[in-house]
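1. Return a 3D structure for these sequence lines:
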Amino acid sequence: MRKYVIALAAALLPTMGMFAQVNGAGNTDKWIKNVDASVTLGTTGVGVDVAVPINEIFQVRTGFSFTPRVHATMNFAVQVGDEKESEQVQAEKFNRLADMLEEYTGTRVGNSIDMVGTPTMNNFKLLVDVHPFRNKNWHVTTGFYWGPSKIAKAENAVYDGTSLVAVSMYNNLYERVKNSYENFVPYISVGDQPLVADKELYDKFMSYGRMGVTLGERKDGTPFRLEPDANNNVSATIKVNNFKPYLGFGYGGKLFKNSDDYYVSFDAGVLFWGGTPKIMTNDIQKVTFTANEDYTEAVKHVTIEPGVDLAKDVKNVPGKVGDYVKLLKSFKVYPVVELRLTRRIWVK
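-> This next block holds a predicted model:
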């Protein structure tokens, strides 16, 4: 990040030197003749900026942009086990498990989870417009955008909270039964009566496997299953660099032929946001059990499995989510297209 700041400072030095020559101490004219206040709309969102001309060639522009909080819903299938099975076989298996879970807990898990995606990109910007041609309507722009690294998020819909709690309850029960049968310790107590899992119950749970949202395969070919975090939620965030250098060009002119107060301009360029964005899933809370020293009860262990980068660490992501991942992986830089409407304020 430091090298970008140094490079930007180096790029601005010639500009400031020229400003000093044109508007030196001996120049009695006021150096700010006008200020341009603008509203912007484009791929970086909605924004406002203020521009001050240094001379006929250079203009410094600063402002802020944000993306409107629109929502897109994506659907994920809840799967049990690691086997690659047909949709029909998986549906039958899931329904049997859902029936069993409802019998044990009174809560029925849904066969899919909706996740709501929301853009969250906000940026401060500092730009220099350069008018190198005789036709001053054309300009080249350099500078940077700066904002939070998280530019979008996806979280489970509120109405799926019950299903995710049921997923966590099932996985907890799965690990209890597994430990109970393998170490001959109780997996649950009813009143004062401890219950140890028999082979029939053990085989039933092992035939199902753990439950979660399957999101493709890890690099070693094993399935990646997204399971709830410590708060029984699932989520993903898209992250890029905070500091994003910008390079672009634009064309602008008077909005009305006989007025010097209103202008319109069109800009296009790229934000260098650090290569392929990271698409990070939530940390997964894993609960397992072992027997105590005298094999009379189960000992609970809680570990946190860090989230993974879907763009880097997972392949063959299915469905609409896979389409989004492929799209984001193709954007090593972020394209900027922007319309700017300007009101010129004359300084008296």
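
2. Now do the helix or strand harbouring I304, average pLDDT.
-> According to DSSP states H and E, I304 maps onto strand 298-305. Averaged across strand 298-305, pLDDT comes to 93.

3. ok, and for that strand, which residues are buried?
-> Residues A298 are the ones in strand 298-305 that count as buried (16 or more other Cβ atoms under 10 Å). All C-beta spots, glycine's among them, are computed from the backbone N, C-alpha and C.

4. contacting residues around the helix or strand just after it?
-> Past strand 298-305, further along toward the C-terminus, the next helix or strand under DSSP H and E is strand 314-315. Under the criterion Cβ atoms under 8 Å, 6 or more residues apart in numbering, residues 215-219, 224, 308 lie in contact with strand 314-315.

5. Now intersect these with the helices, please.
-> Assignment to helices by DSSP state H places none of these there.

6. Note down every partner strand of the strand holding I304 and its orientation.
-> Sheet neighbours of strand 298-305, with direction, are listed as strand 284-291 (antiparallel) (DSSP bridges).

7. and the strand or helix carrying G250, average pLDDT?
-> Secondary-structure element containing G250, defined by DSSP H and E: strand 243-254. Averaging pLDDT along strand 243-254 gives 95.

8. in that strand, what counts as buried?
-> So for strand 243-254, counting by 16+ other Cβ under 10 Å, buried means 243-246, 248, 250, 252.

9. what would those residues look like in CSV with distance to S86?
-> Formatted as CSV, the buried residues of strand 243-254 follow (distance: Cβ to Cβ, whole Å):
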residue, distance to S86
F243, 48
K244, 45
P245, 49
Y246, 49
G248, 50
G250, 54
G252, 58
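
10. picking that back up, only the buried members of the contacts of strand 314-315: can you turn that into a PyMOL selection?
-> Burial among these is assessed by 16+ other Cβ under 10 Å; the matching PyMOL selection reads:
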select buried, resi 215+216+217+224+308
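
11. Kindly indicate which of the contacts of strand 314-315 lies nearest V35.
-> Distances from the contacts of strand 314-315 to V35 were compared by Cβ to Cβ; the smallest belongs to V308, at 48.2 Å.

12. how far away is the closest one from I284?
-> In this structure, V308 and I284 are 9 Å apart, going by Cβ to Cβ, to the nearest Å.

13. What about the contacts of strand 314-315, which are in strands?
-> Among the contacts of strand 314-315, the residues falling in strands (DSSP state E) are 215-218, 224.

14. Quick one: residues in contact with stretch 183-201.
-> Stretch 183-201 is contacted by residues 173, 176-177, 179-181, 205, 290-292, 295-298 when judged by Cβ under 8 Å, 6+ apart.

15. can I have it written out in PDB, keeping just the CAs?
-> Coordinates of the C-alpha atoms in stretch 183-201 are reproduced here as PDB (Å, rounded to 0.1, in the frame of the first residue of the first chain):
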ATOM      1  CA  ASN A 183     -16.400 -45.700  23.000                       C
ATOM      2  CA  PHE A 184     -19.400 -47.200  24.800                       C
ATOM      3  CA  VAL A 185     -20.300 -44.000  26.600                       C
ATOM      4  CA  PRO A 186     -23.800 -42.500  27.000                       C
ATOM      5  CA  TYR A 187     -24.800 -40.100  24.200                       C
ATOM      6  CA  ILE A 188     -27.800 -38.800  26.200                       C
ATOM      7  CA  SER A 189     -29.400 -39.300  29.600                       C
ATOM      8  CA  VAL A 190     -33.200 -39.500  30.100                       C
ATOM      9  CA  GLY A 191     -33.800 -38.700  33.700                       C
ATOM     10  CA  ASP A 192     -31.200 -40.700  35.600                       C
ATOM     11  CA  GLN A 193     -30.900 -43.300  32.900                       C
ATOM     12  CA  PRO A 194     -27.900 -42.900  30.500                       C
ATOM     13  CA  LEU A 195     -28.400 -44.200  27.000                       C
ATOM     14  CA  VAL A 196     -25.600 -45.800  24.900                       C
ATOM     15  CA  ALA A 197     -26.100 -46.000  21.200                       C
ATOM     16  CA  ASP A 198     -26.600 -49.500  19.800                       C
ATOM     17  CA  LYS A 199     -25.400 -50.700  16.400                       C
ATOM     18  CA  GLU A 200     -28.700 -50.000  14.700                       C
ATOM     19  CA  LEU A 201     -28.800 -46.400  15.700                       C
END
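
16. Pick out the most distant pair among the ones in strands among the contacts of strand 314-315.
-> Farthest apart among those by Cβ to Cβ are L215 and R218. That separation is 10.1 Å.

17. Give me the common contacts of these two.
-> With Cβ under 8 Å, 6+ apart applied, the overlap between the contact sets of L215 and R218 consists of 224, 314.

18. Enumerate the positions of stretch 308-324 that are buried.
-> By neighbour count with 16+ other Cβ under 10 Å, stretch 308-324 contains the buried residues 308, 310-311, 313-314, 317, 321-322, 324.

19. Present the residues you listed as JSON lines; the columns should include distance to A197 and pLDDT.
-> Below are the buried residues of stretch 308-324 laid out as JSON lines (distance: Cβ to Cβ, whole Å; pLDDT from 0 to 100):
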{"residue": "V308", "distance to A197": "32", "pLDDT": "94"}
{"residue": "L310", "distance to A197": "36", "pLDDT": "93"}
{"residue": "A311", "distance to A197": "40", "pLDDT": "92"}
{"residue": "D313", "distance to A197": "34", "pLDDT": "92"}
{"residue": "V314", "distance to A197": "33", "pLDDT": "92"}
{"residue": "V317", "distance to A197": "35", "pLDDT": "85"}
{"residue": "V321", "distance to A197": "36", "pLDDT": "80"}
{"residue": "G322", "distance to A197": "38", "pLDDT": "83"}
{"residue": "Y324", "distance to A197": "41", "pLDDT": "84"}
